[in-house]
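Colleague: Model the following, please.
(one chain, ligands or ions: 1)
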Amino acid sequence: MRAIKEIVTAEAVREGAGVIVHRPFPTREIDNIDPFLLLDHMGPNDYAPGTAKGFPDHPHRGFETVSYMLEGALEHRDSAGNKGIIAAGDVQWMTAGAGVVHSEMPAESFRESGGRLNGFQLWVNLPKSDKMTAPRYQDTLAANIPIYESEDKSVWVKVIAGSSMGKQAVISTHIPILYLHVILQPGASFSQAVPLAHTALAYVISGQGKFAEKKVEADQLVIFSNHDNGADSDVVTFTAEGNQALSVLLIAGEPINEPIARYGPFVMNYPAEIKQALVDYQEGRMGQINVF
Ligand code: FE2
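Modeller: As a prediction, this is how the structure comes out:
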């Protein structure tokens, strides 16, 4: 069984136009967990009709943003003229590459009705060779994302990236990434082999569980250790404790092991490339969002 290196509790942070997010990293102590740059749990926030907030126009360069909605709906618009709604269960895997300007705002019908906004954003770094690649979107509806469910319905696994329980994700990634949403009924366990050289993280969305003999609760991130015990791969295991379901994001990936220079929405290898990104953005080379 893979041991735990550290358990981090998410910090509440105000982002975008005033959305409260719970952020296990980056923090003052943890800049990144290679190849991951950020994990935000947006909400859950309950909005009265007409009050839902979002993330107005902003640029990105040098990495990927992955949005996964659990509740509510965000409308996405960008400088390439793309527009779409990410609703509950959907995933948008956006490769910013050389640069995009986009916005993620509450969908009109959701803003009007109000309700609960609950979702995630993960930032996945790109290797130097892919940082200036052309932007790409993989908008994936919930219905197209493979799900495994055990016969007794105690184990539910949504395979967003990589493969698990005999299911292969439809989203493709630049470097090997595993992204699973696992829901366990009380007492149920889940195991997943993750190569030891890969970073492995588990974020508890709700419920409580036992991870390598340690009790972990909602809003906590488990960082598994990468110690080499001589095995080719090692298994991440967790069990739902208490009387409610345990909902977990299991995220793993191959470290890139390159220098990181980051400034807000730009993540490159060297400071000079960050300066260039700022100039390119200010001079409009990442485009702008047209008013529809
Ligand atoms: Fe963004």
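Colleague: Nearest spatial neighbour of the spatially most central residue of the chain, chain-adjacent residues omitted?
Modeller: In the chain, the centroid-proximal residue (C-alpha atoms, centre = their mean) is Leu122; its distance is 2.4 Å. Nearest residue to Leu122 in three dimensions, chain neighbours excluded: Val66, at 4.4 Å (C-beta to C-beta, 6 or more residues apart in numbering). From N, CA and C alone the C-beta is placed, and that goes for glycine too.
Colleague: State the distance from that neighbour to Pro26.
Modeller: Val66 sits 16 Å away from Pro26, going by C-beta to C-beta, to the nearest Å.
Colleague: Leu74 too?
Modeller: 22 Å.
Colleague: Neighbour count: those two, which is higher?
Modeller: Leu74 (25 against 17; other C-beta atoms under 10 Å).
Colleague: is it true that that one touches Ile85?
Modeller: Yes: between Leu74 and Ile85 there is a contact under C-beta atoms under 8 Å: 7.2 Å.
Colleague: Okay, and the residue nearest to the centre of the chain sits in which element?
Modeller: Element membership for Leu122, per DSSP states H and E: strand 115-125.
Colleague: where along the stretch 101-250 of the chain do the strands fall?
Modeller: All strands of the stretch 101-250 of the chain, identified by DSSP state E, counting those that start in this stretch, fall at 115-125, 136-140, 147-149, 155-161, 163-164, 167-168, 177-184, 189-195, 199-206, 208-211, 214-217, 220-224, 233-241, 246-253.
Colleague: Count the residues that sit near the residue nearest to Leu122.
Modeller: Around Val66 there are 24 residues (other C-beta under 10 Å).
Colleague: ditto for Gly166
Modeller: 9.
Colleague: mean confidence for stretch 213-227?
Modeller: For stretch 213-227, the mean per-residue pLDDT is 93.
Colleague: Can I get that stretch in CSV, CA atoms only?
Modeller: C-alpha atoms of stretch 213-227 as CSV (Å, rounded to 0.1, in the frame of the first residue of the first chain):
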residue,chain,number,x,y,z
GLU,A,213,-4.5,4.0,8.3
LYS,A,214,-5.1,7.8,8.6
LYS,A,215,-8.5,9.4,9.0
VAL,A,216,-9.2,12.0,6.4
GLU,A,217,-12.2,14.4,6.2
ALA,A,218,-13.9,16.7,3.7
ASP,A,219,-11.8,19.5,2.3
GLN,A,220,-8.5,17.6,3.0
LEU,A,221,-6.0,16.6,0.4
VAL,A,222,-3.9,13.4,0.8
ILE,A,223,-0.5,13.6,-0.9
PHE,A,224,0.9,10.1,-1.2
SER,A,225,4.6,9.4,-0.9
ASN,A,226,6.8,8.6,-3.8
HIS,A,227,9.3,6.5,-1.8
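Colleague: neighbouring contacts of it?
Modeller: Here stretch 213-227 makes contact (C-beta atoms under 8 Å, 6 or more residues apart in numbering) with 2-10, 22, 24-25, 33, 39, 41, 194, 196-212, 236, 238, 241.
Colleague: Separate out the buried members of the residues you listed.
Modeller: Buried members of these, counted by 16 or more other C-beta atoms under 10 Å: 2, 4, 7-8, 10, 22, 24-25, 33, 39, 41, 194, 196, 198-209, 211, 236, 238, 241.
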